[in-house]
Each structure stands twice: as structure tokens, then as C-alpha cells.
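Engineer: Here's a sequence, model it:
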Amino acid sequence: MATLVDRLSNAMNKSGYKVDASDAKLAPIMSKLQYLSGKARFGKLLRDLFACNDNSNLHSLLFEVIFAWHFEIKCKHLVYEKAQQQPNRTTIDFLYEYSQDTHIYYELRVVQEQAKITEQIEDQLRNSKEFKLVLNGGSYDQNEVIRLQQILLNKVQDREGTPVKFFSTTLPNYNILVVDVSQPLLGSIDRYDCLLCCYGDEAVSQVYRRGVFGLFQSPGKSDPGCFDHIYNKFNHIRTMIHGILFMRRQPKSNPINYDLQYYFVPNRHILSEKLYNIILAIANEVFGPWQE
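Structural biologist: Residues are numbered from 1 along each chain as shown. Take a look at the predicted model:
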């Protein structure tokens, strides 16, 4: 019977990495996999990882593994692939039951530097009448923040704007998007970019402004008319997502094993201060803070 390290190295080789099961560089990630393998709740996650034959999928599943390990090692137990409402076919990556009246759902996304992903996002932006108005003549920094917004939108709705994930904000449900922005597709994302992504120019000082309308922002009377269209496009994410957990890897991490740092931006329109403090406290205990 194949060991865990044999199964991991096999999946990595099928996904484009040339690696041997005896490679010492696998030891750190193997310790995380071995820890999770002792918990039946993550059986499907590990089976999916070991069945990988695609580089993008491999990195997405490794991110899920490392995210889960961060929680579990702190004795904060997650449920994997949980549906909020049974009639809906889609599931959310993780559920953390903080208390009887506070269930926190985490949906994960890795930003990866892959040509097909870049082309897909560029095509969506080119064919979106709302974004055309903003992108024409936009700066590099502006366009990168808008691409990040599109990546997050793609997690919760299809290209026509129809919701595909997150259908409830009634108690005890709280919904968090988690995005790993470590990959160079987006250049060097900092905390100001995260604020721009969520709240646009109004959230940052003049030097950091890029002409961006945020996912959680409401248009002001003096804003361009095109912002009304973008506001409508963001309706589902604005009304269903309680905040975004921006993640990056600690410096000098390798591609398959890393520790995560967080920066949490709440949706102040629907998240109370009490729940904001709870979500922040959980993240602070589980992950390291994002250090500039």
C-alpha cells in the first residue's frame, strides 16, 4: 500500500513537479498531511490532493490543506465542504462552528500566475461594460486591483452575475472569502491594495488612490455614473460576504509548504463590531499577522 509521501510525490509528478518520495524538501508539508490524515473529516480533501494531475488544482488543494492545518493545530476544528442550505448543490470549503449562534464559513481562492487564468480574467474584463469604463486608460496598479476584484467575484457568482456560492446571512451564518495573494500574477499586493479592493479610494490616503470602486463601497453623489453599474455588479458579494481574509505566505516560503499571514477587511455594512472582533481574534490566534 502506498504511503502518504508516495501518494503526494505521485500527485506532484503528475502535476508537473519532478520530485522523489525520498526528497527531504517534502518533510515539512508531510508533517501537516500526517496530522490531518488522523482526522476522518479531511479524508476527501486528502484524496482529492493525491488524485491531482494539474498544477493549478494541486496548489489550490495545498492551500486548503495548510489553511486547515493552521486551525487544527490550534484545536479549532473545521468541517470540510459544508453546504449552508441543503437544496443548494454548492458547498463552502470550510465551516468553523465557533458557538451555537456563530458559524463561520470560509471559501478559499489562490491567485496563481497561469496563462489560462490570466486570459480568462482579461476576457471577462474586456467584455464587461461596467469595467470597460474604468479600465480604459487605467494605470497598472489600478488594473491589478480590479483583476483581484474579478477573481473574488468569480468565487461567488458566474460571469452573468448569477450567485453560485453563499446564499444565507441569517444567524448563525457568517461568510468569509479567503484569498492567497502571494503569487506574482498580481505584482506585490500590500494592505493598501486590499483596502482599495474592498472600499475603493475613499478608504486610503491620496497617494494610494487608483480610481477604484470597492466591493463593499456605496457610490457617492459626486462619483461617476459608471460606478452605479459596478455597485449593482457587486450586489451579491456586498450583501452576502462579511469580510475578506487576505492571506500571504511568510517570506522565503517554498511553493508547497508555508505558513500563512493574514489581513482581514470586514464588510462594515453587515458585520457587527462584536462579530468583527470574534473573527479577528480567531485569525490572530490561528495565523500570523500580515507584516509589511
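
Engineer: So Leu215 is in contact with His236, correct?
Structural biologist: No. The pair Leu215 and His236 does not pass the contact test of C-beta atoms under 8 Å, sitting 10.3 Å apart. From N, CA and C alone the C-beta is placed, and that goes for glycine too.

Engineer: who has more neighbours, the two?
Structural biologist: Taking other C-beta atoms under 10 Å, Leu215 and His236 do not tie; Leu215 has more neighbours (25 against 18).

Engineer: Local confidence estimate at the more buried one?
Structural biologist: Here the pLDDT value assigned to Leu215 is 97.

Engineer: And for Val111?
Structural biologist: Listed pLDDT for Val111 reads 86.

Engineer: cool, the one 10 residues further on as well?
Structural biologist: On pLDDT, Ile121 comes in at 45.

Engineer: what does Lys221 give?
Structural biologist: Lys221 is assigned a pLDDT of 69 by the prediction.

Engineer: Is the residue nearest to Asp141 when sequence neighbours are not counted in a helix, a strand, or coil?
Structural biologist: Ranked by C-beta to C-beta, 6 or more residues apart in numbering and with sequence neighbours excluded, the top spatial neighbour of Asp141 is Arg210, at 5.2 Å. Under the three-state scheme (DSSP: H, G, I helix; E, B strand; the rest coil), Arg210 adopts coil.

Engineer: Arg210 touches Val145, doesn't it?
Structural biologist: Yes. Contact status for Arg210 versus Val145: in contact at 6.0 Å, counting by C-beta under 8 Å.

Engineer: Going along the chain, name the strands of the chain.
Structural biologist: Applying DSSP state E to the chain gives strands spanning 78-82, 92-99, 102-110, 173-180, 243-249, 260-266, 288-289.

Engineer: nearest to Lys155, of those?
Structural biologist: Of all those, it is strand 102-110 that lies closest to Lys155, at 5.3 Å by C-beta to C-beta.

Engineer: mind giving me the domain split of this structure?
Structural biologist: According to automatic domain parsing, the chain is divided into the following domains: 1-75, 84-289.

Engineer: Averaging pLDDT over each of those domains, report the lowest-scoring one.
Structural biologist: Ranked by mean pLDDT, these end with domain 84-289 at the bottom, a mean of 84.

Engineer: Over to that one now: how far is its first residue from its last?
Structural biologist: Using C-alpha to C-alpha, to the nearest Å, one end of domain 84-289 lies 29 Å from the other.

Engineer: quick one, helices of the chain?
Structural biologist: Under the criterion DSSP state H, helices of the chain are mapped to 4-14, 27-37, 43-50, 55-72, 115-126, 129-135, 140-156, 191-199, 226-233, 235-240, 273-286.

Engineer: Distance to Asp101 added to these, as CSV?
Structural biologist: Supplementary listing: the helices of the chain in CSV, determined by distance: least, C-beta to C-beta, whole Å:
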stretch, distance to Asp101
helix 4-14, 38
helix 27-37, 28
helix 43-50, 27
helix 55-72, 20
helix 115-126, 38
helix 129-135, 37
helix 140-156, 24
helix 191-199, 26
helix 226-233, 31
helix 235-240, 19
helix 273-286, 10
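
Engineer: quick one: which of the ones you listed is nearest Lys165?
Structural biologist: Checking these against Lys165 by C-beta to C-beta gives helix 140-156 as the closest, at 5.0 Å.

Engineer: Kindly export that closest one (C-alpha atoms) in PDB.
Structural biologist: This file holds the C-alpha atoms of helix 140-156, laid out as PDB (Å, rounded to 0.1, in the frame of the first residue of the first chain):
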ATOM      1  CA  TYR A 140      -1.100  49.200 -14.000                       C
ATOM      2  CA  ASP A 141      -1.800  49.400 -10.200                       C
ATOM      3  CA  GLN A 142      -5.500  50.200 -10.900                       C
ATOM      4  CA  ASN A 143      -5.900  47.200 -13.300                       C
ATOM      5  CA  GLU A 144      -4.300  44.800 -10.900                       C
ATOM      6  CA  VAL A 145      -6.700  45.700  -8.100                       C
ATOM      7  CA  ILE A 146      -9.600  45.300 -10.500                       C
ATOM      8  CA  ARG A 147      -8.300  41.900 -11.500                       C
ATOM      9  CA  LEU A 148      -8.200  40.900  -7.900                       C
ATOM     10  CA  GLN A 149     -11.800  42.000  -7.500                       C
ATOM     11  CA  GLN A 150     -12.800  40.000 -10.500                       C
ATOM     12  CA  ILE A 151     -11.100  36.900  -9.000                       C
ATOM     13  CA  LEU A 152     -13.100  37.300  -5.800                       C
ATOM     14  CA  LEU A 153     -16.300  37.900  -7.800                       C
ATOM     15  CA  ASN A 154     -15.700  34.600  -9.700                       C
ATOM     16  CA  LYS A 155     -15.900  32.700  -6.400                       C
ATOM     17  CA  VAL A 156     -19.400  33.800  -5.600                       C
END
